[in-house]
Structure formats: structure tokens, C-alpha cells
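Peer 1: fold the following for me, if possible:
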Amino acid sequence: MLCASLHPKSYSLKPPIVRTQEETHYPSHIGKSKLKHDSNITFKNSKEINQQQLLNLYNAVGWTNYTSDPDLLPNAITHSSFVTTAWKEDQLIGLARCLSDDAYMMYLQDILVLPSMQGKGLGEQLMQRCLDRYEHVKQRVLLTDNREQQVAFYKKMGFHNTRDLQKFHLNAFIQYKGVDLM
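Peer 2: Residues are numbered from 1 along each chain as shown. Predicted coordinates:
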């Protein structure tokens, strides 16, 4: 389990940031990363995404657990706390979504980029949009598999693997319906 902040301490909470649908065109020099080879990409904060576009993106990255029941994925998007997307013209090329109580914790549920668009800084931009939206939230958590490339990406984005923590001793527990994890 990777997490950015570990224990909520007494602190004064800023009021929640209320966001409406937002569309942004980023030039190639935006943020810490650069959108390589193609700066004509639009980012939107919106849950209004065509079901087929969602299925195409999730299938393209191999996340077939999400697409095996086509009606569940749009429901998951609708009930997410925050969804940000990347578009090239009318094609959905990236998505990140979060669940949050908007006070103490934010869970980054999904971050995915169309394979042909990976390596161009889109994942960083999508994650940064999530982190910016929940900048006032101390504990930011995500689960990921143990592939070296993914672990390196999340560490680069400021997350820490709980196995590596020295100041805090944390355990992560998971229950996965219908799957024997042991």
C-alpha cells in the first residue's frame, strides 16, 4: 500500500473546495512534467463520460475487471468524489478518480492513460489535478500492484510504500469479494 500522509493530526481544516466542471487546455510547458509530442490535450473535471468511451479506455489498459459488467463502471464514476479526464479531440485518453470525505482522507481509486499516450506526462497531470483538488486533505492513499514501473511512478509523485516506513508502523488490509487472496 502506498500513502502520502500517514496520520491525521490536529489541524485546522480549510473549507472544502467546491469545483464545477472545468475544462483546461494545457500548453506543453505546464506543471513539473511536459506533455511530450502533443500539447493539444484537454483536461476536464467531469463525471459525464460516454459509457463506450469508458469501456474502451479501461479495456485498452487491460482493466477487464472493470469492464466485465458494463453497467457497473458508469455507476462507479458517478459515485466517485472527483473525476478528472484527459481528451484528445473527442477521444478519452486518460482518467483519474478519487473517493474522499473531503476532510481527512482521499483515496485515489483509478489513474489510467491510453497505452499509446503513456510516457507523455498525462498520468502526472491527472494525478496532480487530484492532489490539487484535495490539497487540504492530509491522508492520501492508493493501492497498486507491485510492478516496478508503477511503484516508481507513485514514489516520484510523493507517495511512500508502507513497507518502507520507519517513523510510522502501518498495516493495510484488503478484502476482495469472490477472490481467495491467499
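
Peer 1: would you map the helices across this protein?
Peer 2: Taking DSSP state H as the criterion, the chain contains helices spanning 51-60, 64-67, 72-78, 122-133, 148-156.

Peer 1: how long is stretch 110-127 from one end to the other?
Peer 2: 10 Å (Cα to Cα, to the nearest Å).

Peer 1: pLDDT averaged over it - what is it?
Peer 2: Average pLDDT, stretch 110-127: 95.

Peer 1: ditto for stretch 52-66
Peer 2: 94.

Peer 1: list the buried residues for it?
Peer 2: For stretch 52-66, a neighbour-count test (16 or more other Cβ atoms under 10 Å) marks 53-54, 57-58, 60-61, 66 as buried. The way it works is simple: take the backbone N, C-alpha and C, and place the C-beta from them, glycine included.

Peer 1: which residues outside that stretch are in contact with it?
Peer 2: Here stretch 52-66 makes contact (Cβ atoms under 8 Å, 6 or more residues apart in numbering) with 67, 70, 72-74, 76-77, 91-95, 110, 112-115.

Peer 1: filter these down to the buried ones, ChimeraX style.
Peer 2: A single ChimeraX command selects the buried members of these (16+ other Cβ under 10 Å):
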select :67,73,77,92,93,94,95,110,112,113,114
